[in-house]
Structures are given as C-alpha cells and as structure tokens.
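Visitor: Sharing a model that was predicted from the sequence below.
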Amino acid sequence: MSNGVPSLGEPVGGRIGKDPRERRWRAGAESDIATAIRVGKGFGHFHHTAYSIAAVYSVLGKLDQAEEWIENAANEGFPCYPLFENDPNLERVRTLPRFVSFVAKLRQQYEYIPGETE
C-alpha cells in the first residue's frame, strides 16, 4: 500500500482502522460506488460498471457484495467467466462456494453448443 491506497489486487480487508489514510480510501471507494450506481444505473453498458463494483468490493473484503455484483454483471450482459476466474482483484471471492458455483454455471452455458454430443 502506497500513500494509503492499495496496489491493484492487494487485499486491504485485514487492516481497516489501523491507518486513517486507509479509512479515507475505503470511504472514498464506497462513495465512488454509490455515485457509479446512482449515475450509471440504466445505462446500456452498466454491466461493465457492475463488474468494477464487484472488484472494488472484493478488494475491500466485502465478499457478499462482491458476489452479488459479479452475478449482476453477468446476468445483465457481461458473463465473462474467464475474467472472473483470473482477475487478481477477485482473488478473495474466487474460492467461495457461491462464486465457484456461479462461474461453473456460466462456463456450462457458454461452452455448450446445441446439437453437439459430449
């Protein structure tokens, strides 16, 4: 963490409250999420924003919200399971049962070709 701002993919969840710069960073991140939702909801490509919101929640250690927003992103038009499986910002949710199940479902939907036998 440099200047109270985590590096890309660096989990910050275990240190909340120990550094006032981190508290400000977290508050700013949550404020930015609220603004993105308020301004962007209804925009045709909001599913990309939903993915970014999921990534931020994951980095913040808010894993239930991260999973919710990943599902929102996928269900609204961004079902990019290879990205979900490899984005370092999603490392904290990657092994959770809900996430694993959801990604497996996406993989099955998008790797299945109708009429082809397995």
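Guide: Great, that's in hand. Numbering: from 1, shown residues only.

Visitor: Can you list the residue ranges for helices in this protein?
Guide: Along the chain, counting by DSSP state H, helices occupy 20-40, 46-60, 63-75, 81-86, 97-111.

Visitor: for the protein, what are the low-confidence residue spans?
Guide: Along the chain, the parts satisfying pLDDT under 70 run over 1-18, 113, 115-118.

Visitor: Just give me the residue right at the centre of it.
Guide: Ala54 (2.2 Å; CA atoms, centre = their mean).

Visitor: Nearest spatial neighbour of that residue, chain-adjacent residues omitted?
Guide: Excluding its sequence neighbours, the residue lying closest to Ala54 (CB to CB, 6 or more residues apart in numbering) is Trp69, at 3.6 Å. C-betas here are computed from N, CA, C, even on glycine.

Visitor: That neighbour: how many residues sit nearby?
Guide: The number of residues packed near Trp69 is 24, by other CB atoms under 10 Å.

Visitor: what separates the closest residue to Ser58 other than its chain neighbours from Leu90, distance-wise?
Guide: With CB to CB, 6+ apart as the criterion, Ser58 has its nearest non-adjacent residue at 4.0 Å, and that residue is Ala66. Ala66 is 7 Å from Leu90, where distance means CB to CB, to the nearest Å.
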